[in-house]
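Chemist: build me a structure from this.
(2 chains)
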Number of protein chains: 2
Amino acid sequence: MTLRGRKKGETVPQGVVVRLPVYFRYLTELESAGTERISSAQIGEALDFTAAQIRSDLSYFGSFGQQGYGYNVKELLDQVKQILGITRKHSMVLVGAGNLGKAIGSYEWFREEGFDIKAIFDVDPHLIGNYHGGCAIRSIDEISTYLRENPTDIGIIATPKSAGQSVCDLLVEGGVRSIWNFSPAHLSVPDHVIVENIHLTDSLLRLAFRLNEHNLGNS
Amino acid sequence: MTLRGRKKGETVPQGVVVRLPVYFRYLTELESAGTERISSAQIGEALDFTAAQIRSDLSYFGSFGQQGYGYNVKELLDQVKQILGITRKHSMVLVGAGNLGKAIGSYEWFREEGFDIKAIFDVDPHLIGNYHGGCAIRSIDEISTYLRENPTDIGIIATPKSAGQSVCDLLVEGGVRSIWNFSPAHLSVPDHVIVENIHLTDSLLRLAFRLNEHNLGNS
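Modeler: Numbers count the residues shown, from 1 in each chain, chains lettered A, B, ... in the order given. Here you go, the predicted model:
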C-alpha cells in the first residue's frame, strides 16, 4: 500500500490525525444517505472546519477532488479508509469483562469496520467460561500462551486502574504493539508501542472546568 | 469563588485545560500514597511535561509553591480541585441504560468526586423500572418533567447514534448546559451549551492510523 503524495518517513501532524476520523464518520453518513458528490465548502459547513483546512488536510495524502465538481463521496471515503489503514482487518483482544468491557465488546461498529475482538480475558472466576458476543471469556493466566499462538494487533485494557500496567506489560510481552487503554492508569510502554487513552475522568473534569469557567464568566 | 491571579474574563488555553485533569490524577495518587511535598521537576518527570510547563500552567491561576521547597501536595491538590470547579457537587442525568450506560453508572470515581447520577432514562420497556447503582431507570418520556423539577448540571448521552441529537435537544430544553456525549452523533447545540465528546470510534481510528503509519515506516 502506498499513500499518494505523501513523502516516505514524513510524519502526519497531530491535528490531521485528529480530524481524519471525523471525515471518516461524516463521509460514511453521506454514503449511507446516498449522497454522491460533495464540495469542501459543504464538508466544512457540516463539520465546522474551513474549506481551506479540509483541502489542506486531504492534499496531505495526495490530490483528491476536482475544481468545480468537488469530491466523489465514495472515492473520497475509500481514500480516507486507506489513509486510516482500515482497508485491512485488525485483530484485538479485550482484557476486562466488566460493564465497560462488555460495552466495548458489544460495539457493532468495530466488527463492521474490520476490528475483530478475537479473545476476552478476565481474572474473575465467575466470568471465566461465559460467552460475550460469541467470544469465550478466558482466564488472564492464558493470555501469554494465546498471544504467542495468535499474533494480535490491538490490546484493549478495560480493567480497574490497579491492573492497568500489569495487563499492559503482558500485552507488550505478547507482541502487541497498540494499546487501547480505558483504565485510568498512566501506562509506561517501550518506544515501539502506541497507546491511545480513553480517560473518562479527564473528559468529565474538562467538562466540569468549562462549565464552571462559563458560570464564572456569567457572574 | 475567585481564582487567584487570573484576570476576569480571561480564557484558559485549551492545552492547560487538557493538562489540568492529568495534574489532578497524579496529585490524587501522591496524596493517597502519603507524599507531602513535590517539586515541579518531579511532577514533570512523572508526567512527561517539562518543569517550566508545569510552573507556567499553575502560575496561570495564581502563585503556588516556594523556591527550594516545591509544592505541598495537599494544598496543590486542593487548588487544582478549586480550579477545576469540583469542590462543589455536580448533578447528572444519564440517558441510555445499555452496557455503556451501565458502565458509566457503575463508575465509583464519579460519586467520590461529587458527580452524582441522580436519574437514568431509557426507551426500552424491559429496562424501565429496574434499578442500576441505586437509581431507578425511568422512561425517556418523563425527562422533561424531571428536569423542570430537578435542575441538572450535566446530561450524559449513552444512546445509539440515531437517538443522540433528539436526546440532546431534550436535555438542552430542560436547561442542561453541559453535555457529556458518548454517542457517535455529531451534536448541534446553542452557544451557551458545552459538549464534551467521547468518540470511541475516533479514538480507535487514530490508533489504527498510527499503527499502520508505524508499520509503513518500518517497511
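Chemist: would you map out the domains in chain A?
Modeler: According to automatic domain parsing, chain A comprises the domains A:14-84, A:90-202.
Chemist: what's the most buried one of those domains?
Modeler: domain A:90-202 (a mean of 18; mean count of other CB atoms under 10 Å in any protein chain shown). Quick note: C-beta positions are derived from backbone N, CA and C, even for glycine.
Chemist: can you give me the end-to-end distance of it?
Modeler: 28 Å (CA to CA, to the nearest Å).
Chemist: returning to that earlier point: just give me the lowest mean pLDDT stretch among the domains of chain A.
Modeler: Note on the domains of chain A: lowest mean pLDDT is at domain A:14-84, with a mean of 86.
Chemist: export the top strand by length along chain A as PDB, just CAs?
Modeler: Longest strand in chain A, counting residues (DSSP state E): strand A:115-122. Extracted as PDB, the C-alpha positions of strand A:115-122 are listed here (Å, rounded to 0.1, in the frame of the first residue of the first chain):
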ATOM      1  CA  PHE A 115     -11.800  -4.600  14.100                       C
ATOM      2  CA  ASP A 116     -12.400  -8.100  15.500                       C
ATOM      3  CA  ILE A 117     -12.300  -8.900  19.200                       C
ATOM      4  CA  LYS A 118     -10.800 -12.500  19.000                       C
ATOM      5  CA  ALA A 119     -10.500 -13.200  22.700                       C
ATOM      6  CA  ILE A 120     -11.600 -11.800  26.100                       C
ATOM      7  CA  PHE A 121      -9.700 -12.200  29.300                       C
ATOM      8  CA  ASP A 122     -10.600 -11.500  33.000                       C
END
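Chemist: that older thread, can you lay out the domains of chain A as JSON lines showing distance to B:Asn212?
Modeler: Shown next, in JSON lines, are the domains of chain A (distance: least, CB to CB, whole Å):
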{"stretch": "domain A:14-84", "distance to B:Asn212": "7"}
{"stretch": "domain A:90-202", "distance to B:Asn212": "9"}
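Chemist: make JSON lines out of those and add distance to chain B.
Modeler: Converted to JSON lines, the domains of chain A look like this (distance: least, CB to the nearest CB, whole Å):
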{"stretch": "domain A:14-84", "distance to chain B": "4"}
{"stretch": "domain A:90-202", "distance to chain B": "4"}
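Chemist: all helices of chain A, in order?
Modeler: Under the criterion DSSP state H, helices of chain A are mapped to A:14-32, A:40-47, A:51-59, A:73-84, A:99-105, A:108-112, A:143-149, A:161-173, A:200-218.
Chemist: could you count how many residues lie near the closest residue to A:Gly85 other than its chain neighbours?
Modeler: Distances taken as CB to CB, 6 or more residues apart in numbering or on different chains place B:Asn212 nearest to A:Gly85, at 2.8 Å, with adjacent residues excluded. Burial of B:Asn212 is recorded as 22 neighbouring residues (other CB atoms under 10 Å in any protein chain shown).
Chemist: can you check the pLDDT for B:Asn212?
Modeler: pLDDT, B:Asn212: 86.
Chemist: surely it touches A:Leu84?
Modeler: Yes: between B:Asn212 and A:Leu84 there is a contact at 7.5 Å, judged by CB atoms under 8 Å.
Chemist: for A:Asp122, give the beta-bridge partners.
Modeler: A:Ser139 (DSSP bridges).
Chemist: hang on, I meant A:Ile194
Modeler: A:Ser178.
Chemist: now do the same contact list for it.
Modeler: Shown in contact with A:Ile194 (CB atoms under 8 Å, 6 or more residues apart in numbering or on different chains): A:Arg177, A:Ser178, A:Ile179, B:Leu207, B:Arg210, B:Leu211, B:His214.
Chemist: which among those gets closest to A:Arg25?
Modeler: Comparing those against A:Arg25 with CB to CB places B:Leu207 closest, at 15.4 Å.
Chemist: what does stretch A:158-172 contact?
Modeler: Contacts for stretch A:158-172 (CB under 8 Å, 6+ apart): A:93-98, A:100-101, A:104, A:123, A:140, A:143-144, A:147, A:155, A:157, A:179, A:181-185, A:187-190, A:193.
Chemist: dump the contacts of A:Ile194 to JSON lines, plus distance to B:Ala46.
Modeler: JSON lines is the format used below for those (distance: CB to CB, whole Å):
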{"residue": "A:Arg177", "distance to B:Ala46": "24"}
{"residue": "A:Ser178", "distance to B:Ala46": "24"}
{"residue": "A:Ile179", "distance to B:Ala46": "19"}
{"residue": "B:Leu207", "distance to B:Ala46": "24"}
{"residue": "B:Arg210", "distance to B:Ala46": "24"}
{"residue": "B:Leu211", "distance to B:Ala46": "27"}
{"residue": "B:His214", "distance to B:Ala46": "26"}
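Chemist: ok, of those, which one's closest to A:Ser32?
Modeler: B:Leu207 (23.9 Å).
Chemist: doesn't A:Ile198 make contact with that closest one?
Modeler: No: using CB under 8 Å, B:Leu207 makes no contact with A:Ile198, being 10.3 Å away.
Chemist: what do those two both touch?
Modeler: Common neighbours of B:Leu207 and A:Ile198, counting by CB under 8 Å, 6+ apart, are A:Trp180.
Chemist: so what's A:Asp122 up against?
Modeler: Residues in contact with A:Asp122 (CB under 8 Å, 6+ apart) are A:Val95, A:Gly96, A:Ala97, A:Gly98, A:Gly101, A:Ile128, A:Ile137, A:Arg138, A:Ser139, A:Ile140.
Chemist: cutoff 7 Å now
Modeler: A:Asp122 makes contact with A:Gly96, A:Ala97, A:Ile128, A:Ile137, A:Ile140, according to CB atoms under 7 Å, 6 or more residues apart in numbering or on different chains.
Chemist: please tell me how far it sits from B:Ser183.
Modeler: 27 Å (CB to CB, to the nearest Å).
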